[in-house]
Every structure is written in structure tokens, then in C-alpha cells.
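# Requesting a structural model of the entry that follows:
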Amino acid sequence: MLVSCIQLNPQTDLKENVSIALKYISEASNKGAEIIVLPEMFTYMGDESLRHKTKNKIGEGVFKELQNAAKENKVILVCGSHSEEINNNPNKVFNSCVTFDKNGEMISIYRKLHLFNLIDKNGKALYCESNSFEYGKSPEGYLFETRDGSWNALNIICYDLRFPEIIRNNDKMKTTPFDIIFVTAAFTWQTGKDHWEILLRARAIENQCYVVACNQTGEFLNGQKRNYGNSMIIDPWGNIVAKLGEEVGILQAEINKENVIESRNRLPALADRKIY
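Residues are numbered from 1 along each chain as shown. Prediction:
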């Protein structure tokens, strides 16, 4: 099964950002992708105080455009994330990742649980997501069908990557381990260069599953901030199957359900796990 990550460098123009993403979705589909993954908040990167102006309800606006793209291109589309309107809250939004199947049916929605609040040594907020985002709830696993069978998947977003319990303590993981973890991110350059690959490979190894990680890249806010890029696809043994640098573009790789089964038979760590 061919999987594609679309690595993007969005700026402040929501319409342009979405248009670029849709073009890449079509291109990846034409290259044979069955699953396409977008990065976190690919729709807007700018002044956080203005983020609420980009928001939509599920089924409307950008979410509807992405639903149509999944259906038109006949792909499973993991939609990175976009600002979801919260009823009766004009100042905050959910950071929401929606997944559509190839028929345009919504099969998963996850609202980011862990918000990145980074303070410098002088107490100045460098990143403070909780100023504009509301906390979500733990993600739920979901099933989807492909040409090579049924896959059990989980979506997490960026900072969630640092909290392995969000995966290991998931009720579904206790009975049916995940075959794929999709990570959509806007992982910063400063932390990404030291931690991104290590964390991704660790999640793949400890859960004996594929990790498909789609990150933002490049500078935004007139060069004030920078994301790390380096989107990658990692197999259940922790090997990097495919990786981009910091360029905008499409990352593609074949993944195989048999590799998940083989890894778990080769080293039955999940079967040996004790739940405390």
C-alpha cells in the first residue's frame, strides 16, 4: 500500500494554503497513493490571536473541501489539522484532525489533547497554544480497509508525540494493537533537530507498528519562527523507510501489513506486556 505525506510551509493566507494542499493531494493520488497525510495546521500559520477567524464547524468550510478531495481522489485522507469552531467560545478553537475514507465518509475525528506551552528562562511565552486552543480528549482508534486488508489506526498531533501513554493507555490498544500511528505536526526546528526522529522511532519500536509522520517545514511569521520538516515513514522495527529533508513536497513509501505481523512474531513484546 502506497502512503504519501505532504510536507508544506503554510503562511497566513488560508485560501492559498488550502489550494496548495489540494493540488498536492491530487498529485499524490495520481502517483498511486492510497493514503495521504497532511501536516498539523496546514491551513494557517500566523498571529495566533487571529486564528479564530479561520475556524469552521465539522462538515463546513475547509473540512468540507477536504471531504470532497478524499472522495474525488478516492483516497484515505488524514487531514492534518484545522481550527474547529467551539460553540459559545469566540476566542478559542479545537486543533482537530479529521480522517475521511475514499468515499468521503468521516471515519475519525481527533481534537489535540496536549497543548504546547513553551516558556523561556525569563518567563516569556515562546509558544503558548492554550491561548488560542482548547484541550481535546484522548484519541480513539479506528479501522479502515485497503487492498491489502484491514488496518487499525490512531491519529495524534505534534506535542502528543512526547506522551507515549496516549497510545499505550488507549482502551483499543489493550485489545487490538494499532498497525499505524499517524502523526501530524508543526514540530519546531529548535526541538525537532534533537528529538523528532528519536521520538518517532521510539513510538514505532515500542508499539511494533508503522509511524507515518507528516510535519510542516520552513519559516513563518516573517522568519520569526521555523518548523523542522523531515517528514518520515518508519516501519515496525524502527527503520526509516522514507524521509524528506526540509523541502516542500511529497514523501511516498510502500507499507505492508505483513511487516507488522512479522515484527510482533519476531519479538512478542506487546504480548508480554503487563497492564498495571
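# could you pull out the helices for this protein?
14-30, 61-73, 165-168, 171-175, 189-207, 257-266, 269-272 (DSSP state H).
# Export those helices as CSV, with columns for mean neighbour count and distance to His52.
No exception for glycine: its C-beta is placed from N, CA and C like everyone else's. Converted to CSV, the helices of the chain look like this (neighbours: other CB atoms under 10 Å; distance: least, CB to CB, whole Å):
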stretch, mean neighbour count, distance to His52
helix 14-30, 17, 12
helix 61-73, 19, 13
helix 165-168, 16, 26
helix 171-175, 13, 33
helix 189-207, 18, 26
helix 257-266, 16, 40
helix 269-272, 11, 41
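# okay, the ones you listed in TSV with mean pLDDT next?
Compiled in TSV, the helices of the chain are given as follows (pLDDT from 0 to 100):
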stretch	mean pLDDT
helix 14-30	98
helix 61-73	98
helix 165-168	93
helix 171-175	76
helix 189-207	97
helix 257-266	96
helix 269-272	90
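# how about a markdown table for those helices, with distance to Phe133 added?
Below are those laid out as a markdown table (distance: least, CB to CB, whole Å):
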| stretch | distance to Phe133 |
| --- | --- |
| helix 14-30 | 17 |
| helix 61-73 | 16 |
| helix 165-168 | 16 |
| helix 171-175 | 25 |
| helix 189-207 | 18 |
| helix 257-266 | 33 |
| helix 269-272 | 32 |
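# so which of the ones you listed comes closest to Glu219?
Proximity to Glu219 (CB to CB) singles out helix 189-207 among these, at 8.8 Å.
# Helix 257-266 and the closest one, what's the angle between them?
70 degrees (axes from the mean of the first three to the mean of the last three CA atoms, to 10 degrees).
# Mind giving me the packing neighbours of helix 189-207?
Packing contacts for helix 189-207, counted by 3 or more CB pairs under 8 Å, 6 or more residues apart in numbering; DSSP states H and E, involve helix 165-168, strand 180-185, strand 210-215, strand 225-228, strand 232-234.
# Show me what the spatially most central residue of the chain bridges to in the sheet.
Nearest residue to the geometric centre of the chain (CA atoms, centre = their mean): Thr184, 1.8 Å. Taking DSSP bridges, one finds Ile157, Cys214 as the beta-bridge partners of Thr184.
# And it, how far from Leu14?
From Thr184 over to Leu14 the distance is 17 Å, taken as CB to CB, to the nearest Å.
# do the same with Asp194
For Asp194, the distance to Leu14 - CB to CB - is 31 Å.
# then stretch 238-255 to PDB, C-alphas only?
Extracted C-alpha coordinates of stretch 238-255, given in PDB (Å, rounded to 0.1, in the frame of the first residue of the first chain):
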ATOM      1  CA  GLY A 238      12.100   1.200  13.900                       C
ATOM      2  CA  ASN A 239      13.700   1.500  10.500                       C
ATOM      3  CA  ILE A 240      13.200   4.700   8.500                       C
ATOM      4  CA  VAL A 241      11.500   3.600   5.200                       C
ATOM      5  CA  ALA A 242      11.400   7.100   3.600                       C
ATOM      6  CA  LYS A 243      12.300  10.600   4.700                       C
ATOM      7  CA  LEU A 244      12.200  14.200   3.300                       C
ATOM      8  CA  GLY A 245      14.600  16.900   4.200                       C
ATOM      9  CA  GLU A 246      13.300  20.500   4.800                       C
ATOM     10  CA  GLU A 247      11.900  21.000   1.300                       C
ATOM     11  CA  VAL A 248       8.200  21.300   0.500                       C
ATOM     12  CA  GLY A 249       6.900  18.200  -1.400                       C
ATOM     13  CA  ILE A 250       5.500  14.700  -1.300                       C
ATOM     14  CA  LEU A 251       7.000  11.800   0.600                       C
ATOM     15  CA  GLN A 252       5.900   8.300  -0.600                       C
ATOM     16  CA  ALA A 253       6.600   4.800   0.600                       C
ATOM     17  CA  GLU A 254       5.100   1.300   0.400                       C
ATOM     18  CA  ILE A 255       3.900  -0.200   3.700                       C
END
